[in-house]
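Colleague: Fold the following.
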Amino acid sequence: MYDVIVIGAGPAGMTAALYAARTNLKVLLLEQGAPGGQMNNTAIIENYPGFFSIKGPELANKMYAPLVNFGVENRYGVVVEVKNLAKYKVVITEDNEYQTKTVVIATGASHRLLGIRGELDYGGLGVSYCAVCDGPFFRDKVLVVVGGGDSAIEEAVYLTRFASKVMIVHRRESLRAQKIIQERAFANPKISFFWNCIVDEIEGDDHLVTGVRLKDIKTGKYMEINCSGVFIYVGLYPMTAPFINLKIMDDSGWILTDEEMRTKIPGIFAIGDVRKKMLRQITTSVGEGGIAGQQVYLYLQDKKEV
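Modeller: Residues are numbered from 1 along each chain as shown. Just a heads-up that it's a prediction; the model follows:
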């Protein structure tokens with residue numbers, strides 16, 4: 001029987017595990033990959049306090065090291081279900097079952113992919129899904145933004161702070177973003193549009209992105225566009241399939257919590273990118289992890305189980 005099982009070892013999960021362990025709780029950290037989550041796929045991080053610049057995997061290792069020191073148990077596990085029983089919870093993985101008094105869900109979210117040639121090859125080498133994270137690396141460069149919703153257009157406007165030119169590629173002939181966001185983009189002299197087009201391939205020199213090949217879906221014609229980066233915003237989905245039976249999500253699958261990271265089920269918390277919120281960054285995930293770790297202790301203390 002664990003005091004808390006943290007599902008997911010990204011920055012949110014690792015911070016929650018650390019805070020819980022520091023209160024002498026018995027903590028299990030379950031992760032289906034290397035500790036660090038998406039940080040392991042991030043070449044350089046420049047917006048985390050305390051570091052002018054740091055590699056994603058390096059920051060992940062630095063975050064993980066204190067967990068070992070405080071006795072957090074870390075196991076590999078693909079969680080398939082969580083059961084909320086009368087006196088405890090059961091976390092079920094593909095290979096095992098674990099009993100716990102509380103659960104912290106930190107499984108994160110995943111970007112929808114275009115599924116085209118070059119997208120995976122140049123991930124972190126010009127292909128990005130986060131303008132706030134990577135925009136400053138493209139000063140005075142030409143960029144392509146794929147998408148027509150709020151996130152795509154907002155991020156395109158943001159990227160004009162750094163890029164010399166931003167080209168928005170949208171498969172329709174009008175944007176889906178809110179009117180006020182559209183107006184900002186249309187008024188920005190650095191932004192241009194390719195309507196009724198899709199990105200057919202992301203091209204590069206085996207080291208960095210050098211351009212994209214577009215396809216006009218009305219005429220079927222192709223065109224080559226030179227650029228240094230491709231920012232893709234065709235959707236984001238939460239990794240919440242194992243928790244459907246708990247009924248703690250909204251209609252889009254995001255987990256709903258209060259400011260203390262508590263879901264509507266006592267003893268079950270959610271943190272990081274899996275939550276319904278505005279900003280998904282390492283800094284916000286770490287903050288939420290700290291809150292959850294402390295709230296787990298207070299919850300168990302209130303129940304006189306610590």
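Colleague: and C133, helix, strand or coil?
Modeller: Three-state assignment for C133 (DSSP: H, G, I helix; E, B strand; the rest coil): helix.
Colleague: For it, give me its contacts.
Modeller: T42, I45, N47, Q281 (Cβ atoms under 8 Å, 6 or more residues apart in numbering). Yep, even glycine has a C-beta here, placed from its N, CA and C like the rest.
Colleague: Could you chop this protein up by domain?
Modeller: Using automatic domain parsing, the domain parsing of the chain gives 2-110+236-302, 127-232.
Colleague: Run the chain-centre distance for the first one.
Modeller: Think domain 2-110+236-302. The chain centroid and the centroid of domain 2-110+236-302 are separated by 13 Å under Cα atoms, centre = their mean, to the nearest Å.
Colleague: how many neighbours does A156 have?
Modeller: When neighbours are counted by other Cβ atoms under 10 Å, A156 registers 30.
Colleague: out of the domains of the chain, which comes closest to E119?
Modeller: Closest to E119 of the domains of the chain is domain 127-232 (Cβ to Cβ; 5.6 Å).
Colleague: chain center to that closest one, what's the gap?
Modeller: On the basis of Cα atoms, centre = their mean, domain 127-232 sits 20 Å off its chain's mean C-alpha point.
Colleague: Does K215 lie in a helix or a strand, and which?
Modeller: Taking DSSP states H and E as the definition, K215 sits inside strand 209-216.
Colleague: mind listing what that strand pairs with, with the direction of each?
Modeller: strand 197-204 (antiparallel), strand 222-226 (antiparallel) (DSSP bridges).
Colleague: Report all helices and strands that the helix ranked longest in the chain contacts.
Modeller: Counting by DSSP state H, the longest helix found in the chain is helix 282-302. For helix 282-302, the packing partners by 3 or more Cβ pairs under 8 Å, 6 or more residues apart in numbering; DSSP states H and E come out as strand 2-7, helix 11-21, strand 97-105, strand 268-270.
Colleague: Out of the ones you listed, flag the one nearest R161.
Modeller: Checking those against R161 by Cβ to Cβ gives helix 11-21 as the closest, at 25.1 Å.
Colleague: quick one: the closest one to helix 282-302, angle?
Modeller: When axes from the mean of the first three to the mean of the last three Cα atoms, to 10 degrees is applied, the directions of helix 11-21 and helix 282-302 differ by 30 degrees.
Colleague: Can you pull out the residues in contact with the following helix or strand past helix 11-21?
Modeller: For helix 11-21, the following helix or strand on the C-terminal side (DSSP H and E) is strand 27-31. Outside strand 27-31, the residues that touch it by Cβ under 8 Å, 6+ apart are 2-9, 13-14, 17, 20-21, 35, 37, 67, 71-77, 79, 91, 93, 98, 100.
Colleague: Please list all residues in contact with T257.
Modeller: By Cβ under 8 Å, 6+ apart, the contact list for T257 reads T263, F269, A270, I271, R275, K276.
Colleague: pLDDT-wise, what's the bottom of these?
Modeller: Comparing pLDDT over the contacts of T257, K276 scores lowest. The value there is 94.
Colleague: Give me the neighbour count for that residue.
Modeller: Applying other Cβ under 10 Å, we find 14 residues neighbouring K276.
Colleague: Surely it is in contact with I255?
Modeller: Yes. Counting by Cβ atoms under 8 Å, K276 touches I255, with 6.7 Å between them.
Colleague: Just give the closest residue to V145, not the sequence neighbours.
Modeller: What sits nearest to V145 in space, not counting adjacent residues and going by Cβ to Cβ, 6 or more residues apart in numbering, is A156, at 4.3 Å.
Colleague: List the contacts of the host helix or strand of the one you found.
Modeller: Applying DSSP H and E as the criterion places A156 in helix 150-159. Under the contact criterion Cβ under 8 Å, 6+ apart, helix 150-159 has outside partners 131-132, 135, 138, 143, 145-147, 166, 168, 170, 175-178, 181-182, 184-185, 188, 191, 231, 233-234, 236.
Colleague: Out of the residues you listed, list just those in helices.
Modeller: When these are checked against helices (DSSP H), the matches are A131, V132, I181, Q182, R184, A185.
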